[in-house]
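Q: Pasting the sequence and the predicted model now:
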Amino acid sequence: MPIVKVIEVISSSDKSIEDALQNCVKEVSKTIHNVDSVYVKDIKVHVTDGKITTYGLICKVSFRLDDKR
């Protein structure tokens, strides 16, 4: 039976929420494999002079651990 681990990651983008999510998956995948899913726990934006400047996400990333028996 596979074991699934969950980590929390903060990601951001100056373009969009979707881009911040893509950045999350891209960066996590550099060091972790077997990524199964990403749950967006929270979304926030930074605002300057009445305009959104940065989109930020707090994500929970789930991945299967390797079975090394």
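A: Received, thanks.
Q: Quick check: phi and psi at Cys24.
A: The phi and psi values for Cys24, taken as degrees, to the nearest 10, are phi -60, psi -50.
Q: right, I mislabeled it, should have said Glu18
A: Dihedral angles phi and psi of Glu18 (degrees, to the nearest 10) take the values phi -60, psi -40.
Q: give me the low-pLDDT residue ranges for the chain?
A: For the chain, the stretches flagged by pLDDT under 70 are 69.
Q: Now for the most centrally placed residue in the chain: which residues touch it?
A: The centre of the chain sits closest to Cys24, judged by CA atoms, centre = their mean, with a distance of 3.6 Å. Contacts for Cys24 (CB atoms under 8 Å, 6 or more residues apart in numbering) come out as Val9, Ser11, Val38, Leu57, Cys59, Val61. Every C-beta, even on glycine, is put in place using the N, C-alpha and C of the backbone.
Q: can you tell me which of the residues you listed are in strands?
A: Of those, the ones assigned to strands by DSSP state E are Val9, Ser11, Val38, Leu57, Cys59, Val61.
Q: and those as CSV, adding neighbour count and distance to Thr31?
A: Below are those laid out as CSV (neighbours: other CB atoms under 10 Å; distance: CB to CB, whole Å):
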residue, neighbour count, distance to Thr31
Val9, 17, 11
Ser11, 23, 14
Val38, 18, 15
Leu57, 20, 18
Cys59, 21, 15
Val61, 21, 11
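Q: Out of the residues you listed, which comes closest to Pro2?
A: Distance to Pro2 across the ones in strands among the contacts of Cys24 (CB to CB) is lowest for Val61, with 15.6 Å.
Q: Confirm for me that His33 is in contact with Leu65.
A: No. Applying CB atoms under 8 Å, one finds His33 not in contact with Leu65, separated by 10.2 Å.
Q: Now do whichever strand or helix holds Val47: distance to the chain's middle.
A: Assessed by DSSP states H and E, Val47 sits inside strand 35-48. Between the mean C-alpha location of strand 35-48 and the chain-wide mean there is a distance of 7 Å, by CA atoms, centre = their mean, to the nearest Å.
Q: Which residues does that strand contact?
A: Strand 35-48 has contacts (CB under 8 Å, 6+ apart) with 4, 8, 17, 21, 24-25, 28-29, 52-64.
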